[in-house]
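> Next one to model:
(2 chains)
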There are 2 protein chains.
Amino acid sequence: MRDFNEKNITDAVIDRFKNTPDPRLKTIMTSLVRHLHDFVRDVDLTIDEWNFAINYLTRTGHMCDDKRQEFILLSDTLGISMLVDAINHRMPEGATQTTVLGPFYVDNPPEFPLGFDVSRGLKGEKLYVEGTVSSATGGPLPGAVIDVWQSDTDGYYDVQRSDLDQPTLRGRIRADDRGRFYFWSILPSPYPIPYDGPVGQMIQATARHPWRPAHLHFMISAKGHEKLVTHVFVQGDKYLDSDAVFGVKNSLIGNYTHEQPGVAPDGTKMGGPWRKLKYDFGLKPLG
Amino acid sequence: MRDFNEKNITDAVIDRFKNTPDPRLKTIMTSLVRHLHDFVRDVDLTIDEWNFAINYLTRTGHMCDDKRQEFILLSDTLGISMLVDAINHRMPEGATQTTVLGPFYVDNPPEFPLGFDVSRGLKGEKLYVEGTVSSATGGPLPGAVIDVWQSDTDGYYDVQRSDLDQPTLRGRIRADDRGRFYFWSILPSPYPIPYDGPVGQMIQATARHPWRPAHLHFMISAKGHEKLVTHVFVQGDKYLDSDAVFGVKNSLIGNYTHEQPGVAPDGTKMGGPWRKLKYDFGLKPLG
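Modelled structure (predicted):
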């Protein structure tokens, strides 16, 4: 077939996928071509705009390395990540809601014992975190694997800092035999998503702000349950209603209480004020 | 706003673009988000598929450098390039039709004189190319700038070969004072688009073939006229009806005639058989 025009080219392209062995891939490619072509026709995309898009995607790819994932940022800021999250996590009663993974998770974080201070001495407001991991349909999940990661007081993750020689404000702990966990850290801060790249260019050109409300990240795994990827946001944060990546859910806002000098739940003597977060997680059973 | 679900998140994301200063950008972002979200909902995209897409786009970006443009290949193979071409080039009578730029154009090619052999001695079937450049509404366009580039006999462009120390089978000539041009080359061959990257992975997974019918590329500029980007395909090529990038138009198929030993139009004595292409280009006046 030859001489395609703006009306018949879409069906011609879709026809090329007719022999795709995997029916799911065929469905996805067919829908992708249909919707991308509709977009191009809808806005009457110009050659210059197409060139800009090619260049934009190329720059976005070149921005990605083992510490920066600009395509995840793009997906996050276009609300695609949270849409995929919503479609895939129709959660039952008792299960903690999910939110975006974000671009700062690092595989295989260092393990640390219950009660450890993941801030490793960084300055900030001392924070004690405790909670439980349970099945949405039943009792505690002993030995659940809990990955935690967060920003520092200035809003940066360790992978964004060149002055740290070990993973900091991130790590993996295991719930005890009653599904309980606790550790020390510092209060996370709101922060702008990295805006020195193509995503920042989009945020600026569209007069949006790049800020995310302060939060701790959790990724929790336990046998027989869906892996939970979520945040616990800091109550009262000014960006809760305008999160740059659309990630806030009311059920994920935690009460980071103000505590007076004294003795913390794990016996640590606190000479000054500190904060405490208690949050219990529920995991969705598989199948 | 908080607690977005798969139904209300699209309007929430679009609302974030409400203060975009440039109305065109606002239109584009609104439509892009609408269509991308529709795609995700349409196929119920899974987390694993989203992860694959992020990784696929990242690999596509990493494949791009000054000699390889994988995002253009992706656009070409999804028919987006030809759709953009069709939308932007509703050509008047007398104007040559357009087709894809492709990923192998190099800015500022070396200039050469009329009659030059751009093959620079590469093996292949000798080809004499001649033609004129005119305005679609009137007479010849003296001094029109003609960029030409093409594959070699094995189907490779110079930028894909490591054994060449200068631009080969590409260059820039200027039409004479009557809008005429002529040069020597070798017959181009059909070739597969580069399939050692993410685009090749897509082509293979969907049981498509990566071949393009043989062609010469032309980019022609003249004062007061739209820049013309097009090909002249080789009549009879077996891939004319299944071009991997949907670029073939009947009006762009050239008759590369078989010529007997003798004297070529520029006076060159030919001891063996050779080929000749005569193709006249028409440029669309601006405005």
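> make it CA atoms for all contacts and neighbour counts henceforth
Fine.
> Around chain B, which positions in the stretch 151-287 of chain A sit nearby?
Counting by Cα under 8 Å from any Cα of the partner chain, the stretch 151-287 of chain A comes close to chain B at A:205-208, A:240-242, A:246-250.
> switch the cut-off to 7 Å
Taking Cα under 7 Å from any Cα of the partner chain as the contact definition, the stretch 151-287 of chain A meets chain B at A:205-208, A:241-242, A:248-250.
> filter the residues you listed to the buried ones?
The neighbour-count test (16 or more other Cα atoms under 10 Å in any protein chain shown) marks A:205-208, A:241-242, A:248-249 as buried among those.
> So if we follow the domain assignment, how does chain A break up?
Using automatic domain parsing, the domain parsing of chain A gives A:9-65, A:80-283.
> quick one, helices of the stretch 101-250 of chain A?
Applying DSSP state H, counting those that start in this stretch to the stretch 101-250 of chain A gives helices spanning A:198-205.
> wait, isn't A:Ile220 in contact with A:Thr230?
No - taking contacts as Cα atoms under 7 Å, A:Ile220 lies outside contact range of A:Thr230: 8.6 Å.
> Can you give me the pLDDT of A:Ile146?
If you check A:Ile146, the pLDDT there is 98.
> Leaving out sequence neighbours, find the closest residue to it.
The shortest distance from A:Ile146 to any non-neighbouring residue, by Cα to Cα, 6 or more residues apart in numbering or on different chains, is to A:Ile220 (4.6 Å).
> Low-confidence regions, the stretch 101-250 of chain A specifically.
In the prediction, the stretch 101-250 of chain A carries no residues with pLDDT under 70.
> quick one: the strands in it?
Ranges of strands within the stretch 101-250 of chain A are A:126-135, A:145-150, A:170-174, A:180-186, A:191-192, A:211-212, A:215-221, A:228-234, based on DSSP state E, counting those that start in this stretch.
> looking at the sheet around A:Trp211, what are its partners?
The partner list for A:Trp211 in beta bridges (DSSP bridges) reads A:Pro192.
> what's the spacing between it and A:Pro194?
A:Trp211 is 9 Å from A:Pro194, where distance means Cα to Cα, to the nearest Å.
> just A:Trp50 next, same as before
Plainly put, A:Trp50 is 25 Å away from A:Pro194 if you go by Cα to Cα.
> same deal with A:Ala12?
The value you get for A:Ala12 to A:Pro194, if Cα to Cα is used, is 40 Å.
> Equivalent analysis for A:Asn250, please.
On the measure of Cα to Cα, A:Asn250 and A:Pro194 end up 25 Å apart.
> Next: A:Lys223.
Distance of A:Lys223 to A:Pro194, computed by Cα to Cα: 35 Å.
> Of those two, which one has the most company?
Neighbour count, other Cα atoms under 10 Å in any protein chain shown: between A:Lys223 and A:Pro194, A:Pro194 has more, with 17 against 13.
> Nearest residue to that one in space, please, no chain neighbours.
That would be A:Gly200: by Cα to Cα, 6+ apart, it lies 6.9 Å from A:Pro194.
> By proximity to chain B, which residue of the stretch 51-200 of chain A wins?
For the stretch 51-200 of chain A, the residue closest to chain B is A:Gly61, as judged by Cα to the nearest Cα, at 3.9 Å.
> Find the helix or strand that that residue is a member of.
Element membership for A:Gly61, per DSSP states H and E: helix A:47-63.
> in that helix, what's buried?
For helix A:47-63, a neighbour-count test (16+ other Cα under 10 Å) marks A:50, A:54-63 as buried.
> swap in stretch A:20-33?
Judged by neighbour count (16+ other Cα under 10 Å), stretch A:20-33 contains these buried residues: A:20, A:25-33.
> cool, and stretch A:253-267?
A:253-256, A:259.
> Skipping its backbone neighbours, what lies nearest A:Pro140 in space?
Closest residue to A:Pro140 apart from its sequence neighbours, by Cα to Cα, 6+ apart: A:Ser134 at 4.0 Å.
> what number of residues lie near the one you found?
A:Ser134 has 24 neighbouring residues, counting by other Cα under 10 Å.
> Provide the partner residues of it in its beta bridges.
Beta-bridge partners for A:Ser134, by DSSP bridges, are A:Pro140, A:Gly282.
> hey, which of the domains of chain A is tucked in deepest?
Greatest average neighbour count among the domains of chain A goes to domain A:80-283 (a mean of 19), per mean count of other Cα atoms under 10 Å in any protein chain shown.
> First-to-last residue distance for that one?
The first residue of domain A:80-283 is 23 Å away from its last residue (Cα to Cα).
> next one: stretch A:80-96
Rule used - Cα to Cα; the end-to-end distance of stretch A:80-96 is 21 Å.
> Could I get the contacting residues of A:Leu228?
A:98, A:219-221, A:283 (Cα atoms under 7 Å, 6 or more residues apart in numbering or on different chains).
> wait, which of those residues is closest to A:His37?
A:Thr98 (32.0 Å; Cα to Cα).
> which ones are touching that closest one?
A:Thr98 makes contact with A:228-230 under the criterion Cα under 7 Å, 6+ apart.
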